[in-house]
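1. structural data only, the sequence is not supplied:
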């Protein structure tokens, strides 16, 4: 059995963001938690200049906003593969394109779902979409 390694930074940052949280997935899917925690609570945060409070507010706001609009269809997404792809995209493109964690996660999700085109107002996300070969649809107005 492979030993699960979560970085010290990931453990520290996860603790700051969700104190006293016991992950059920840590017991049932430790490989997923290793991948996710090392990416979300270490790699992403190292690239960010936001303080913890601001980061938590942004996470909450984006979560509420994305679930508040009922104009999207729900698709089954294999999160382990998506997070792995997001980590790869981040390593390959974030430094040169200035993409942020949600930019990378959205594009990785589109790729894992097999989408061929992507629409966004965000310039950094547009650059990433073009870099990975998806068809970019730029909204007007």
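-> Perfect, I can see it now. Note that the coordinates shown come from a computational prediction; the quantities given were computed from them, not determined experimentally.
2. center of the protein, which residue is that?
-> The centroid of the chain falls nearest to residue 105 when counting by CA atoms, centre = their mean (3.6 Å).
3. average pLDDT for the host helix or strand of that one?
-> Per DSSP states H and E, residue 105 falls inside helix 101-112. Averaging pLDDT along helix 101-112 gives 93.
4. now the residue nearest to the centre of the chain: how far from residue 22?
-> Distance, residue 105 to residue 22, using CB to CB, to the nearest Å: 24 Å. To be clear about C-beta, it is placed using only N, CA and C from the backbone, and glycine gets the same treatment.
5. next one: phi and psi at residue 137?
-> phi -110, psi 110 (degrees, to the nearest 10).
6. can you give me how far the helix holding residue 105 is from the chain middle?
-> 7 Å (CA atoms, centre = their mean, to the nearest Å).
7. can you tell me what sits against that helix?
-> Residues outside helix 101-112 that contact it (CB atoms under 8 Å, 6 or more residues apart in numbering) are 40, 44, 47-48, 62, 77-78, 81-83, 85-86, 89-90, 93-94, 99, 118, 120, 122, 124-125, 128-129, 132, 134.
8. and the next helix or strand past it?
-> In N-to-C order, the element after helix 101-112 by DSSP H and E is strand 117-119.
9. quick one: low-confidence parts of the chain?
-> Scanning the chain for pLDDT under 70 picks out the ranges 1-2, 17-21, 52, 56-57, 59-74, 139-141.
10. any idea how it splits into domains?
-> Using automatic domain parsing, the domains assigned to the chain come out as 1-72, 73-141.
11. which parts of this protein are strands?
-> Ranges of strands in the chain, per DSSP state E, are 117-119, 135-137.
12. which other helices and strands contact the first one?
-> Spelled out, it's strand 117-119. strand 135-137 (3 or more CB pairs under 8 Å, 6 or more residues apart in numbering; DSSP states H and E).
13. from the chain's centroid, how far away is the strand it packs on?
-> Distance, centroid of strand 135-137 to centroid of chain: 20 Å (CA atoms, centre = their mean).
14. let me see the ranges of the helices in the chain.
-> Taking DSSP state H to define them, one finds helices in the chain at 8-17, 24-28, 30-38, 44-46, 52-68, 79-89, 95-97, 101-112, 123-132.
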